[in-house]
Structure formats: C-alpha cells, structure tokens
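>>> Task: produce atomic coordinates for the following.
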Amino acid sequence: MKIIGIAGGTASGKTTIANKLGDLSNQFGQVNIIRLDDYYLDHPELDLEERRKINYDHPNAFDTDLLVKHIGDLNKNQSIDVPEYDFVNHARKISTKKVQPSKVLIIEGILVLAIKEICDLLDIKIFVDTPDDIRFIRRLSRDVKKRNRTLDNVIDQYLTTVRPMHKVFVEPSKENADLIIPEGGHNSIAIEMVFKTIIDLLNK
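Reported below is the predicted structural model:
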C-alpha cells in the first residue's frame with residue numbers, strides 16, 4: 001500500500017484535492033481517503049462548553065496512536081473501523097466507517113506533515129498552500145453554515161488557537177513536502193501531476 005499525505009492550513013483546499021484525486025484514481029483501482037479530523041481524541045468526561053475550549057489545532061488533540069495502528073492494519077490487509085467526528089458537539093459519533101485495504105491510501109489534515117509518526121509513513125507528501133485571508137473567509141463561511149458556530153466564536157477560535165498553531169506547526173511542516181500546491185483544488189495542473197503518480201503506483 002502506498003500512502004499519500006495532504007496537509008495545509010485550515011480551509012486551504014485539502015479535502016477538495018483529496019476527493020478529486022480519489023475520484024480520478026478510483027477509475028483504475030480502489031483508493032481510500034482518511035481524514036485526520038476524524039481522529040480527534042474523544043473527551044466524554046468534559047461538558048460541551050469545556051470541549052469547545054480545547055485547542056484542536058495542536059498535535060496533542062489527535063489520537064495518533066489509533067491512526068498509526070489503523071495504517072498498520074491496512075498494510076496487513078485488514079479492514080479498519082474509522083471513527084467519525086461530530087464538529088457540532090465536539091465529540092466522536094457512535095457510528096464508525098468500515099474501510100477495506102487498498103493499493104493507495106490518502107490521509108488529509110492540517111497536521112499530517114507535522115506529526116512525525118504520521119509523516120514518516122508517507123510515500124508522497126503534499127502541502128496545499130493557500131493565502132491566509134482566503135482560508136479565513138472559507139473557514140468562517142463553513143463553520144457558520146455547517147458547524148453551528150457564531151461569527152464571534154469563529155473569530156475568537158481563529159485568533160486564539162488556529163492562527164498561532166498554524167505559525168508554530170502547520171506552516172513549518174511545509175518543509176517536509178515533496179510537492180507544494182498553490183491555490184488548493186483550483187490547481188488542475190498539479191492535481192493532474194499527482195494523479196499520474198497515483199496511476200503509476202496502482203500499475204506497479
């Protein structure tokens with residue numbers, strides 16, 4: 001199994017690129033996509049207000065051990081049950097998603113290249129580089145419309161954790177990338193290049 005990591009700042013276009021690559025490559029063989037966000041640690045011991053205050057942009061917010069184990073299981077040709085995260089309630093859902101082994105696995109998330117245990121497992125490392133102002137506008141729109149956040153809540157979270165953690169962890173992880181894609185999912189040339197690489201991996 002070959003593993004592709006797609007990292008970048010919040011709302012940079014990581015998911016769009018992962019989905020486009022998955023759709024293209026699935027014409028030739030199965031490609032799985034796993035979101036790092038679904039591996040947020042669960043905190044049932046905290047109430048909703050306390051969970052809202054967690055720094056979700058720090059590497060410690062993720063269940064890295066579980067993700068690494070799941071990657072190992074897929075490499076052993078074993079299926080896994082991927083957790084699903086509820087961003088409205090800041091908690092894992094009861095339901096999980098069954099993922100079967102495949103030739104190619106895409107892992108996308110802001111800290112995929114910043115968490116060493118994950119980065120070391122990647123065969124291809126991609127960083128999506130989108131301007132800060134565009135990313136903030138996208139995040140603001142997404143969180144208000146889809147995650148039941150208020151304008152003030154989004155701005156406060158962005159200033160207190162998202163932006164500082166981007167500077168400390170996400171931006172420096174760009175140095176680990178094999179390929180940097182400007183403008184996210186709108187960069188059709190870069191997506192085509194990665195797609196051809198995936199096809200080569202599938203045909204080996």
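
>>> Nearest residue to the middle of the protein?
Note on the chain: the residue nearest the mean C-alpha position is G109, at 1.8 Å, using Cα atoms, centre = their mean.

>>> can you pull the contacts of that residue?
For G109, the contact set (Cβ atoms under 8 Å, 6 or more residues apart in numbering) comprises I6, A7, K14, R35, L36, D37. Yep, even glycine has a C-beta here, placed from its N, CA and C like the rest.

>>> Closest one to V154 out of those, please.
Distance to V154 across the contacts of G109 (Cβ to Cβ) is lowest for D37, with 16.3 Å.

>>> residues contacting that closest one?
Contacts for D37 (Cβ under 8 Å, 6+ apart) come out as Y85, F87, G109.

>>> Take these and lay them out in a markdown table including distance to M1 and pLDDT.
Shown next, in a markdown table, are these (distance: Cβ to Cβ, whole Å; pLDDT from 0 to 100):
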| residue | distance to M1 | pLDDT |
| --- | --- | --- |
| Y85 | 24 | 95 |
| F87 | 28 | 90 |
| G109 | 18 | 96 |
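
>>> can you put those residues in JSON lines and add secondary structure?
Formatted as JSON lines, the contacts of D37 follow (DSSP: H, G, I helix; E, B strand; the rest coil):
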{"residue": "Y85", "secondary structure": "strand"}
{"residue": "F87", "secondary structure": "coil"}
{"residue": "G109", "secondary structure": "coil"}
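
>>> Just give me the neighbour total for I34.
23 (other Cβ atoms under 10 Å).

>>> Let me see the contact set for it.
Counting by Cβ under 8 Å, 6+ apart, I34 makes contact with L67, H70, V82, V99, L105, I106, I107, E108.

>>> okay, who's weakest in the contacts of G109 by pLDDT?
Lowest pLDDT within the contacts of G109 is found at K14 (90).

>>> Mind listing residues that contact the strand ranked longest in the chain?
Identified as the longest strand of the chain according to DSSP state E is strand 91-99. Contact with strand 91-99 is made by 32, 34, 38, 40, 42-44, 51, 70, 74, 79-86, as judged by Cβ under 8 Å, 6+ apart.

>>> In ChimeraX, how would I select just the buried ones from the residues you listed?
Buried residues among the contacts of strand 91-99 (16 or more other Cβ atoms under 10 Å), as a ChimeraX selection:
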select :32,34,38,40,42,51,70,74,80,82,83,85
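
>>> Now go through the contacts of strand 91-99 and say which are in strands.
The strands, defined by DSSP E, take in N32, I34, I80, D81, V82, P83, E84, Y85, D86 from the contacts of strand 91-99.

>>> now the helices: where do they sit in the chain?
Counting by DSSP state H, the segments of the chain that form helices are 14-25, 48-52, 64-75, 116-119, 132-146, 151-157, 163-165, 188-203.

>>> okay, the ones you listed, which one's buried deepest?
Most buried of these by mean neighbour count (mean count of other Cβ atoms under 10 Å) is helix 14-25; its value is a mean of 20.

>>> name the helices or strands packed onto that helix?
With contacts taken as 3 or more Cβ pairs under 8 Å, 6 or more residues apart in numbering; DSSP states H and E, helix 14-25 sits against strand 2-8, strand 31-35, strand 104-108, strand 124-129, helix 188-203.
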